[in-house]
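Give me the fold of what follows.
(one chain, ligands or ions: 1)
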Amino acid sequence: MHTPAITGSGIFTPEQVITNEELVAAFNAYAERFNAENAEAIASGEIEAKGPSSPEFIHQASGIEQRYVMDKTGVLDPEVMHPLLRERSDEEPGIMAEMALEACGKALEQAGRSADEVDLVICAASNHERPYPAVAIEIQQLMGAGGFAFDMNVACSSATFGIQAAADMIRSGSVRCAVVVNPEICSGHLEWRDRDCHFIFGDVCTAVVLERTEDAQGAHFIVRSTRCATQFSNNIRNNNGFLRRSRPHGMEDRRDMQFVQEGRKVFKEVLPLVSKHIATHLAEEAVPSDNLKRLWLHQANKSMNDFIGKKVLGRMPTPKEQPNILQDYANTSSAGSIVAFSKYSSDLEPGDQGLICSFGAGYSVGSVLVERA
Ligand SMILES: CC(C)(COP(=O)(O)OP(=O)(O)OC[C@H]1O[C@@H](n2cnc3c(N)ncnc32)[C@H](O)[C@@H]1OP(=O)(O)O)[C@@H](O)C(=O)NCCC(=O)NCCSC(=O)CC(=O)O
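Numbers count the residues shown, from 1 in each chain. Got it, this is the predicted structure:
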């Protein structure tokens, strides 16, 4: 048995930013237009008028100030309201693979490894741009990695579940150097025409390198243990899928073919699930919560993170103990906790312990207990 370690991490951040103010201006223009076009049906009570959004609501409800996206022109055009991405030929690298290459390159550089030393690539994300061939295999080929590669989807918990899968393969000896990469184009599955959620998501790609501890070239984090849990819920759902055209109304512009959530229910049900999951994980590892120097939590909502941090530590965590990146990136699904880890982990001292924890659709919860070597 080998002990796995995270030896490198990297982030690809898209160049384009949408501030709350820009987002709200576009949404409100869209809503006004919608209300004018449907004035009669609204007056007769057939359909509901669309209310305006506001930057103040967004910041107060979520803590989000801006988000990075792969394309802002379509999102901010009241006549489009979704990203506009260039169609690529089958011979060109896909957009997810392209984002992944930059994040993987940075992670491998930090680990002091070259791509040909990698023998496992897991592309773990909430959405993949096609069912097959696997995006992970495309990344493997473009990187020049060996071994094997596969795609995984556990929504917001894809990264932590991917880390558990890679760590287990390193423990057993079947893999020596793994990359878990999380290209999240959340702008593609967000319904930008719905004010209840139009502010929630952003795009990013993260990657981590996992190796045997004894192979680590420099500063690294020993993976002490991982825990994954799931519990079925319809409260975060997306009905888009390959059977869409086979269904009578499948091809219509339907709200349920994008991200849909019962935000308040998610808030109420996921908080106890996550708090208990972390408490159990720590108890089973005999790690008192006081020993945790850092919590890198899923980045969906600031008050949710404040609540979990308080529950885990028994007091309000300081911003240093529980760094948030959601004000800049918004919710980037599975990549959020890894962005926080990648940006805010290098200052930890040898022996310091911390916990990466993701949670979201499924429901799914994944935690990774790490220790600075
Ligand atoms: C979505 C929320 C930010 C919403 O905040 P609240 O619950 O405070 O707000 P709410 O939706 O009840 O709305 C309160 C009132 O404000 C109105 N309202 C809604 N949106 C508005 C907007 N943009 N501007 C102004 N007003 C708005 C509503 O109509 C309502 O009015 P009235 O009071 O008149 O009715 C929150 O519930 C939340 O974060 N929940 C958890 C979300 C989460 O973590 N989801 C996981 C995402 S999935 C994920 O992370 C990825 C994955 O798994 O892949």
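
Show me what counts as buried in the longest helix seen in the chain.
Ordering each helix of the chain by length in residues (DSSP state H) puts helix 263-284 first. By neighbour count with 16 or more other CB atoms under 10 Å, helix 263-284 contains the buried residues 263, 266, 267, 270, 271, 273, 274, 275, 277, 278, 281, 282. (Each C-beta comes from the backbone N, C-alpha and C, glycine too.)

what does stretch 15-25 give?
Applying 16+ other CB under 10 Å to stretch 15-25 flags 16, 18, 20, 23, 24 as buried.

What residues does the fourth one make contact with?
By CB atoms under 8 Å, 6 or more residues apart in numbering, residue 23 lies in contact with 53, 55, 58, 67, 75, 76, 198, 199.

From those, which land in helices?
Checked against DSSP H, the contacts of residue 23 include these in helices: 55, 58.

filter the contacts of residue 23 down to the ones near the ligand?
53, 58 (CB under 6 Å from any ligand atom).

Any chance of CSV for the contacts of residue 23, columns pLDDT and distance to residue 94?
As requested, the contacts of residue 23 are exported to CSV (pLDDT from 0 to 100; distance: CB to CB, whole Å):
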residue, pLDDT, distance to residue 94
53, 98, 32
55, 98, 34
58, 98, 31
67, 98, 22
75, 98, 20
76, 98, 24
198, 98, 26
199, 98, 27
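
Tell me how many other residues surround the nearest residue to residue 146 once chain neighbours are set aside.
Of all residues not flanking residue 146 in the chain, residue 119 sits nearest, at 5.2 Å (CB to CB, 6 or more residues apart in numbering). Residues lying near residue 119 (other CB atoms under 10 Å) number 18.

so what's residue 119 up against?
Taking CB under 8 Å, 6+ apart, we find residue 119 in contact with 145, 146, 147, 148, 175, 176, 177, 178.

measure the last one to residue 162 for me?
Just to be clear, that refers to residue 178. 9 Å (CB to CB, to the nearest Å).

Please apply the same query to the second one.
Residue 146 sits 19 Å away from residue 162, taking CB to CB as the criterion.

is the closest residue to the ligand within the chain in a bridge, and if so with what?
The minimum distance from the chain to the ligand, using CB to the nearest ligand atom, falls at residue 360 (2.4 Å). Note on residue 360: beta-bridge partners residue 364, judged by DSSP bridges.

Number the residues from 176 up from this point.
Happy to do that; since the first residue is 176 now, the last one works out to residue 535.

Let me know whether it touches residue 508 as I believe.
Yes: when contacts are counted by CB atoms under 8 Å, residue 535 is listed as touching residue 508 (6.9 Å).

can you give me the strands for the stretch 326-475 of the chain?
Taking DSSP state E, counting those that start in this stretch, the strands of the stretch 326-475 of the chain run over residues 352-360, 378-387, 396-405, 411-412, 435-436, 467-472.

May I see these organised as TSV, with mean neighbour count and distance to residue 270 added?
Compiled in TSV, these are given as follows (neighbours: other CB atoms under 10 Å; distance: least, CB to CB, whole Å):
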stretch	mean neighbour count	distance to residue 270
strand 352-360	30	7
strand 378-387	28	10
strand 396-405	19	28
strand 411-412	16	24
strand 435-436	18	24
strand 467-472	23	26
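
sorry, back to before: which residue of residue 321 and residue 337 possesses the greater neighbour count?
residue 337 (30 against 16).

nearest residue to the more buried one other than its sequence neighbours?
Excluding the flanking residues, the one nearest residue 337 by CB to CB, 6+ apart is residue 299, at 3.3 Å.

One more: residue 327?
Nearest to residue 327 is residue 299, by CB to CB, 6+ apart, at 4.3 Å.

now swap in residue 230 and tell me
Spatial nearest neighbour of residue 230, excluding adjacent residues (CB to CB, 6+ apart): residue 195 at 3.9 Å.

I figured the one you found hits residue 232, correct?
No: using CB under 8 Å, residue 195 is not in contact with residue 232; the gap is 9.3 Å.

quick one: contacts for the residue lying closest to residue 191 once chain neighbours are set aside?
Of all residues not flanking residue 191 in the chain, residue 247 sits nearest, at 4.5 Å (CB to CB, 6+ apart). Taking CB under 8 Å, 6+ apart as the contact definition, residue 247 lies against 191, 192, 193, 197, 258.

Give me the subset of those residues that lies in helices.
Judged by DSSP H, those include residue 197 as members of helices.

Per-residue pLDDT of the residue nearest to residue 438 when sequence neighbours are not counted, please?
Setting aside the residues directly before and after it, residue 438 is nearest to residue 371 in space (CB to CB, 6+ apart), at 6.8 Å. For residue 371, the model assigns a pLDDT of 97.

Number of residues surrounding the residue nearest to residue 327?
Other residues within reach of residue 299, judged by other CB under 10 Å, total 29.

Could you give the backbone dihedrals for it?
The phi/psi pair for residue 299 (degrees, to the nearest 10) reads phi -110, psi 110.

what's the first-to-last distance across stretch 355-369?
Using CA to CA, to the nearest Å, the end-to-end distance of stretch 355-369 comes to 32 Å.

Stretch 216-231 now?
First residue to last in stretch 216-231 (CA to CA) measures 30 Å.
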